[in-house]
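Visitor: Attaching a predicted model along with its sequence, questions to come.
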Amino acid sequence: MRWAHHRRWPRADTLGLIGTSAFFGAVHLGGGFSFALLASLAGLGYGAVYYWTGRIHYAVMLHFTVNAVHQLAFAAPPTTS
C-alpha cells in the first residue's frame with residue numbers, strides 16, 4: 001500500500017488488500033482451487049482487520065480462530081483400522 005500511495009495511485013488501499021488476498025489464496029493452491037478461493041476471501045478479512053486496527057495480532061488471532069473452527073467443525077475424524 002505504501003508503494004502505491006507513494007506513486008499516488010487512486011484506491012491504493014483497495015488494491016493492496018485485493019493483491020495480498022490473492023497472494024494469500026495462491027499460497028493455498030495446494031488444497032485445490034476451491035480452497036484457494038476460500039483462502040482469498042479469508043485473506044481479505046485478515047487484511048481488513050489489520051487495515052482497520054493497525055494491529056497484526058488481531059489478524060493473527062482471527063486466522064487462528066478460523067483455522068480452529070475449521071479443524072473442529074469440518075475436518076474428518078481420524079479413521080481407525
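Guide: Happy to help now that I have it.

Visitor: CA only for contacts and neighbour counts going forward, please
Guide: Fine.

Visitor: and stretch 54-72, C-alpha only, in CSV?
Guide: Coordinates of each C-alpha in stretch 54-72 appear next as CSV, following Å, rounded to 0.1, in the frame of the first residue of the first chain:
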residue,chain,number,x,y,z
GLY,A,54,-3.3,-1.3,12.6
ARG,A,55,-2.5,-4.3,14.9
ILE,A,56,-1.2,-7.5,13.3
HIS,A,57,-2.0,-9.6,16.4
TYR,A,58,-5.8,-9.1,15.8
ALA,A,59,-5.4,-10.5,12.3
VAL,A,60,-3.3,-13.4,13.6
MET,A,61,-5.9,-14.2,16.3
LEU,A,62,-8.7,-14.1,13.6
HIS,A,63,-6.6,-16.5,11.5
PHE,A,64,-6.1,-18.8,14.4
THR,A,65,-9.8,-18.8,15.3
VAL,A,66,-10.9,-19.5,11.7
ASN,A,67,-8.4,-22.4,11.5
ALA,A,68,-9.5,-23.8,14.9
VAL,A,69,-13.2,-23.7,13.9
HIS,A,70,-12.4,-25.3,10.6
GLN,A,71,-10.5,-28.1,12.3
LEU,A,72,-13.1,-28.7,15.0
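
Visitor: pLDDT weak spots in this protein?
Guide: Scanning the chain for pLDDT under 70 picks out the ranges 1-2, 5, 81.

Visitor: Spatially, and excluding backbone neighbours, which residue is closest to the residue with the shortest distance to the centre of it.
Guide: Taking C-alpha atoms, centre = their mean, the centroid of the chain lies closest to G43, which sits 1.4 Å from it. Nearest non-adjacent residue to G43, counting by C-alpha to C-alpha, 6 or more residues apart in numbering: S21, 4.6 Å away.

Visitor: Next one: the residue nearest to the centre of the chain from R8, what distance?
Guide: 25 Å (C-alpha to C-alpha, to the nearest Å).

Visitor: same thing with L44?
Guide: From L44 across to R8, the span is 23 Å (C-alpha to C-alpha).

Visitor: got it, and S34?
Guide: Distance from S34 to R8, by C-alpha to C-alpha: 35 Å.

Visitor: Great, nothing more from me.
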